[in-house]
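Peer 1: Quick one: sequence and predicted model below, then my questions.
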Amino acid sequence: MPPKKLYGGETTKAVENFPISGETVPPSVIHWLGRIKGAAARVNGELGLLDKDLAAKIADAADAVARGDHDEQFPIDVFQTGSGTSSNMNTNEVIASLSGAHPNDDVNYGQSSNDVFPSAVHLAALDEATNTLLPALKQLEKSLERKARAFKDVVKSGRTHLMDAVPVTLGQEFAGYATQIRLGQERVQAALTHVGQIPLGGTATGTGLNTHPKFAERVRKQLAKESRLKLIAPPADPFEAQANRDALVELSGALKVVAVSLTKIAQDLALMGSGPRAGIGELFLPELQKGSSIMPGKVNPVIPEVVLQVSAQVIGNDTAITIGGMQGQFELNVRIPLIARNLLQSIHLLSTTSVAFAEKCIDGVQANKEGTKRSAESTLATATALNTSIGYDKAAAIVKEAATSGRMLRDVALEQGVDPKVYDETIDLRRIAAGNQAEPKPAARPAAAAAGKPAAAAKKPAAKKPAAAKKPGARKAPAKA
């Protein structure tokens, strides 16, 4: 048997009026509407604005909505009236049926769709970003850090403009990826400070008409205690908070940056894992499934491909959120369901994808030592290290001849007069990859010691009389008149 309908006429009208997408309001928003209604009932009971027994019944019914016990009672399409009024009325009607209260006079007491619905969206985003997305990004960051340590001595060719560049290590690259994800967390966390500032208490236009002066503060305090979300806070200004959804646009922007970072990392891994014989072939990605229905043994970078698709969706969602944020007029933004739908989808997608990326790709990726060695030894850009010894022009001529002839860089360099000892000491791939962090070269031993003679027996050069020190750039004093 179908469940008994707990909603009333306003919900039915909305279902009939909005046969748009077949996609309902995100459940997390409905759950937070339930939390707000429950806290509101308790506070109104404490303030003597509702009968305490009735307030308790409303609160109990609202708690059931918040737990998700009645999700099937919220059938309204997400593309509905832009303030979310239909879903607020839906929530009022369900709670009223469960408690025996009046949906507007009791359940909605001291509230308006205009402050309650956006507050629920803010809190749903704050909750999911705090408790789901940030931990998922932290897991991905840790996975990348572990690989950075594991690959710290794996030297390979660097690449700029998709062309060979001076050697780097896989560890350096993975450390960069880990830092991208860490900075992404910082951006999300910074945006959440503003997301936590909810417009509750502003009622219709931000003035707080028909609500008790202490109502909003007490409800916020109760919600923060129950949810342990420390960032729940009053608005910086009630009219700012009600007239726009800039905080949600800001959070979406931070999510877009995370998507851009994930795109960079996933593309790099797919390229480094390409081949394995006819591509770059510096990584072995985990083999999760068959890569082709016709080519035996083919393996594809399936998880990086998922990451790239999700990132594209998040960036697209951000565009819609930006447009929605731009279209508030005067005292109310009326694109809130659109913003809620896209923002919460982005948070969900980035959360699940980050975990899958960490567990199904990063944790299992392995260095192809043969491939990295081949690329490190093949890049002619190692000649860059010779610049300080022989100059850029001579190094460029050596590289050009080696590239044209296909000969080894060392052979060409020695042919063009580079001292073999200078070449071998300079073209140390591990030291080149370390850059200016390389350990100093060991000091050369005295010639006598190298020949097995006592150092004291070596002929000392004649001491020179030190010249008088001159101050750099010192000017002579002008002659006296």
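Peer 2: Received the coordinates, thanks.
Peer 1: which residues touch residue 345?
Peer 2: Listed by Cβ atoms under 8 Å, 6 or more residues apart in numbering, the contact partners of residue 345 are 26, 313, 317. (Each C-beta comes from the backbone N, C-alpha and C, glycine too.)
Peer 1: wait, isn't residue 220 in contact with residue 234?
Peer 2: Yes. Counting by Cβ atoms under 8 Å, residue 220 touches residue 234, with 6.7 Å between them.
Peer 1: Which one's more surrounded, the two?
Peer 2: Under the criterion of other Cβ atoms under 10 Å, the comparison of residue 220 against residue 234 puts residue 220 first, with 23 against 16.
Peer 1: Give me the phi and psi for the closest residue to that one other than its chain neighbours.
Peer 2: Distance criterion Cβ to Cβ, 6 or more residues apart in numbering; nearest residue to residue 220, sequence neighbours excluded, is residue 232 at 5.4 Å. Torsion angles at residue 232 (phi, psi; degrees, to the nearest 10) stand at phi -60, psi 120.
Peer 1: Could you check how far residue 232 is from residue 189?
Peer 2: Residue 232 sits 15 Å away from residue 189, going by Cβ to Cβ, to the nearest Å.
Peer 1: Have a look at the two and say which one is more surrounded.
Peer 2: Per other Cβ under 10 Å, whichever of residue 232 and residue 189 has more neighbours is residue 232, with 24 against 15.
Peer 1: got a list of what the more buried one touches?
Peer 2: The contact partners of residue 232, by Cβ under 8 Å, 6+ apart, come to 123, 126, 196, 198, 220, 223, 224.
Peer 1: Recalculate using a threshold of 7 Å.
Peer 2: Contacts of residue 232 were listed using Cβ atoms under 7 Å, 6 or more residues apart in numbering, and they are 196, 198, 220, 223, 224.
Peer 1: And residue 401, by the same measure?
Peer 2: So residue 401 contacts residue 412 (Cβ under 7 Å, 6+ apart).
Peer 1: try it again with 10 Å
Peer 2: Applying Cβ atoms under 10 Å, 6 or more residues apart in numbering, we find residue 401 in contact with 407, 409, 411, 412, 413, 415, 416.
Peer 1: repeat for residue 318
Peer 2: Listed by Cβ under 10 Å, 6+ apart, the contact set of residue 318 reads 249, 251, 252, 253, 254, 255, 256, 257, 259, 342, 343, 346.
Peer 1: per-residue pLDDT, the most centrally placed residue in the chain?
Peer 2: In the chain, the centroid-proximal residue (Cα atoms, centre = their mean) is residue 258; its distance is 2.8 Å. Here, the pLDDT recorded for residue 258 equals 98.
Peer 1: now swap in residue 292 and tell me
Peer 2: You'll see residue 292 listed with a pLDDT of 85.
Peer 1: got it, and residue 452?
Peer 2: 41.
Peer 1: where's residue 168, which helix or strand?
Peer 2: strand 163-169 (DSSP states H and E).
Peer 1: sorry, that was for residue 389
Peer 2: helix 387-390.
Peer 1: Any idea how far that helix is from the middle of the chain?
Peer 2: 42 Å (Cα atoms, centre = their mean, to the nearest Å).
Peer 1: same question, stretch 127-139
Peer 2: Using Cα atoms, centre = their mean, the offset of stretch 127-139 from its chain centre is 10 Å.
Peer 1: buried sites along it?
Peer 2: The neighbour-count criterion (16 or more other Cβ atoms under 10 Å) identifies 127, 128, 129, 130, 132, 133, 134, 136, 137, 139 as the buried residues of stretch 127-139.
Peer 1: got those residues as a markdown table, with secondary structure, distance to residue 269 and pLDDT columns?
Peer 2: As requested, the buried residues of stretch 127-139 are exported to a markdown table (DSSP: H, G, I helix; E, B strand; the rest coil; distance: Cβ to Cβ, whole Å; pLDDT from 0 to 100):
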| residue | secondary structure | distance to residue 269 | pLDDT |
| --- | --- | --- | --- |
| 127 | helix | 31 | 98 |
| 128 | helix | 27 | 98 |
| 129 | helix | 25 | 98 |
| 130 | helix | 28 | 98 |
| 132 | helix | 24 | 98 |
| 133 | helix | 21 | 98 |
| 134 | helix | 23 | 98 |
| 136 | helix | 18 | 98 |
| 137 | helix | 17 | 98 |
| 139 | helix | 17 | 98 |
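Peer 1: Low-confidence ranges, the stretch 51-200 of the chain, go.
Peer 2: Along the stretch 51-200 of the chain, the model assigns pLDDT under 70 to no residue.
Peer 1: hey, where'd the helices end up in it?
Peer 2: For the stretch 51-200 of the chain, helices defined by DSSP state H, counting those that start in this stretch occupy the ranges 52-67, 85-99, 113-128, 134-150, 170-195.
Peer 1: Return the alpha-carbon coordinates of the helix or strand following the last one using PDB.
Peer 2: Right, helix 170-195. Counting by DSSP H and E, the element after helix 170-195 in chain order, helix or strand, is helix 215-227. Provided in PDB are the C-alpha atoms of helix 215-227 (Å, rounded to 0.1, in the frame of the first residue of the first chain):
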ATOM      1  CA  PHE A 215      13.700  33.900  18.900                       C
ATOM      2  CA  ALA A 216      16.400  33.700  16.300                       C
ATOM      3  CA  GLU A 217      19.300  33.800  18.800                       C
ATOM      4  CA  ARG A 218      17.800  31.000  20.900                       C
ATOM      5  CA  VAL A 219      17.000  28.800  17.900                       C
ATOM      6  CA  ARG A 220      20.600  29.300  16.500                       C
ATOM      7  CA  LYS A 221      22.000  28.300  19.900                       C
ATOM      8  CA  GLN A 222      19.900  25.200  20.000                       C
ATOM      9  CA  LEU A 223      20.800  24.200  16.500                       C
ATOM     10  CA  ALA A 224      24.500  24.700  17.100                       C
ATOM     11  CA  LYS A 225      24.300  22.600  20.300                       C
ATOM     12  CA  GLU A 226      22.400  19.700  18.600                       C
ATOM     13  CA  SER A 227      24.500  19.700  15.400                       C
END
